[in-house]
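Peer 1: Pasting the sequence and the predicted coordinates here, then a few questions.
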Amino acid sequence: MEVITLSTYVLVHGAWHGAWCWEKIVPLLEQKGHTVHAIDLPGHGSDQTPVSQISLKSYTDKICSVIDEADEPVILVGHSMGGMAITQSAEYRPEQIKALVYVTAFLIRDGESMVDVIQTDAGALVASNMIVSSDGSYATVNEAKIKEIFYGCSEHADAERAKSLLNAQALEVLATKLSLTDERFGQVPRYYIECLRDQAITNWCQKNMYAATPCESVYTLDTDHSPFYSTPQELATILLEIEQINQVADDLVS
């Protein structure tokens with residue numbers, strides 16, 4: 001009798017968002033028997049960490065603590081800004097991650113920050129619609145533009161719910177440069193899911209990032225910045241396919 005080995009997914013949201021954004025994806029993965037952890041990074045969702053205590057290190061500490069609690073290497077998925085956080089986490093825990101998945105996410109190189117990449121993406125709508133606090137420590141997004149930027153292809157009800165749940169985003173994180181090595185981060189298989197109608201990270205920028213840091217495979221969704229709302233079935237199918245690819249690879253090695 002064939003033994004079916006199930007996997008653990010760790011889902012990491014992007015800027016302004018929280019674990020709630022994966023609410024349609026979690027059950028689709030769990031229905032296949034997988035363990036799924038959708039986490040709130042510090043200062044997001046239900047996590048009340050004050051802006052003054054939020055840094056990229058606080059993000060990676062949270063991610064690594066979840067990875068450390070898993071019984072096996074995880075599939076680590078990052079959306080948007082979450083891509084930067086999973087990349088740095090992979091430098092710290094390469095042996096405990098079986099795959100990195102970037103969902104229209106920032107796939108940033110050693111020595112780069114998110115700000116460095118954002119400044120090259122002239123067609124994106126985020127930077128011009130950020131409302132920065134008086135002390136420069138955090139930013140929100142122009143409410144009138146939120147649906148266009150993040151949820152252009154998503155159902156109205158999903159977009160309205162998401163708008164009501166967005167948090168302020170600590171800006172220090174976006175300016176922090178990554179510290180990566182080929183020997184650690186570089187050894188973890190990477191997969192990219194590009195979204196062709198993304199207004200937060202243009203497809204031009206997405207392609208530049210995965211060209212500079214090649215991935216095992218690139219998947220394409222003809223949708224907005226938030227496929228967890230606009231195309232949840234298609235996104236879940238890709239995540240399950242990536243799991244199967246890595247399961248076969250594990251079986252061949254063993």
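Peer 2: Ah, there it is. Residues are numbered from 1 along each chain as shown.

Peer 1: neighbours around L240, how many?
Peer 2: Other residues within reach of L240 by the criterion other Cβ atoms under 10 Å amount to 18. (Each C-beta comes from the backbone N, C-alpha and C, glycine too.)

Peer 1: quick one: it and A157, what's the gap?
Peer 2: L240 sits 26 Å away from A157 when distances are taken as Cβ to Cβ, to the nearest Å.

Peer 1: Also S58?
Peer 2: Plainly put, S58 is 32 Å away from A157 if you go by Cβ to Cβ.

Peer 1: Looking only at neighbour counts, state which of those two leads.
Peer 2: S58 (18 against 9).

Peer 1: tell me the contacts of that one?
Peer 2: For S58, the contact set (Cβ atoms under 8 Å, 6 or more residues apart in numbering) comprises 41-42, 49.

Peer 1: and it, what element?
Peer 2: Using DSSP states H and E, the element containing S58 is helix 56-69.

Peer 1: Please check the contacts of S58 and keep the buried ones.
Peer 2: Burial of those was assessed by neighbour count (16 or more other Cβ atoms under 10 Å); the buried members are 41-42.

Peer 1: Closest to N246 out of the contacts of S58?
Peer 2: Within the contacts of S58, distances to N246 taken as Cβ to Cβ reach their minimum at L41, with 24.4 Å.

Peer 1: I'd like to know how many residues surround the residue lying closest to that closest one once chain neighbours are set aside.
Peer 2: Of all residues not flanking L41 in the chain, Y59 sits nearest, at 5.0 Å (Cβ to Cβ, 6 or more residues apart in numbering). Close neighbours of Y59, defined as other Cβ under 10 Å, add up to 26.

Peer 1: Touching, Y59 and E172? I think so.
Peer 2: No: at 10.7 Å, Y59 does not count as touching E172 under the criterion of Cβ atoms under 8 Å.

Peer 1: Could I get the full set of helices for the protein?
Peer 2: 25-30, 56-69, 82-92, 114-118, 146-150, 156-165, 172-175, 203-212, 227-230, 232-253 (DSSP state H).

Peer 1: Dump these to JSON lines, plus distance to T181 and mean pLDDT.
Peer 2: Compiled in JSON lines, those are given as follows (distance: least, Cβ to Cβ, whole Å; pLDDT from 0 to 100):
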{"stretch": "helix 25-30", "distance to T181": "30", "mean pLDDT": "99"}
{"stretch": "helix 56-69", "distance to T181": "15", "mean pLDDT": "99"}
{"stretch": "helix 82-92", "distance to T181": "7", "mean pLDDT": "99"}
{"stretch": "helix 114-118", "distance to T181": "19", "mean pLDDT": "98"}
{"stretch": "helix 146-150", "distance to T181": "33", "mean pLDDT": "98"}
{"stretch": "helix 156-165", "distance to T181": "36", "mean pLDDT": "98"}
{"stretch": "helix 172-175", "distance to T181": "21", "mean pLDDT": "98"}
{"stretch": "helix 203-212", "distance to T181": "16", "mean pLDDT": "99"}
{"stretch": "helix 227-230", "distance to T181": "31", "mean pLDDT": "99"}
{"stretch": "helix 232-253", "distance to T181": "22", "mean pLDDT": "87"}
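
Peer 1: Kindly reformat these as TSV containing distance to H13.
Peer 2: Compiled in TSV, these are given as follows (distance: least, Cβ to Cβ, whole Å):
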stretch	distance to H13
helix 25-30	11
helix 56-69	11
helix 82-92	6
helix 114-118	15
helix 146-150	12
helix 156-165	11
helix 172-175	13
helix 203-212	18
helix 227-230	9
helix 232-253	14
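
Peer 1: Out of these, which gets nearest to S128?
Peer 2: Using Cβ to Cβ as the measure, helix 146-150 is the one of those that comes nearest S128, at 9.8 Å.

Peer 1: Contacts made by the closest one with the rest, please.
Peer 2: Helix 146-150 is contacted by residues 125-126, 129, 141, 154, 159, 162-163, 166, 199-200, 224-226 when judged by Cβ under 8 Å, 6+ apart.
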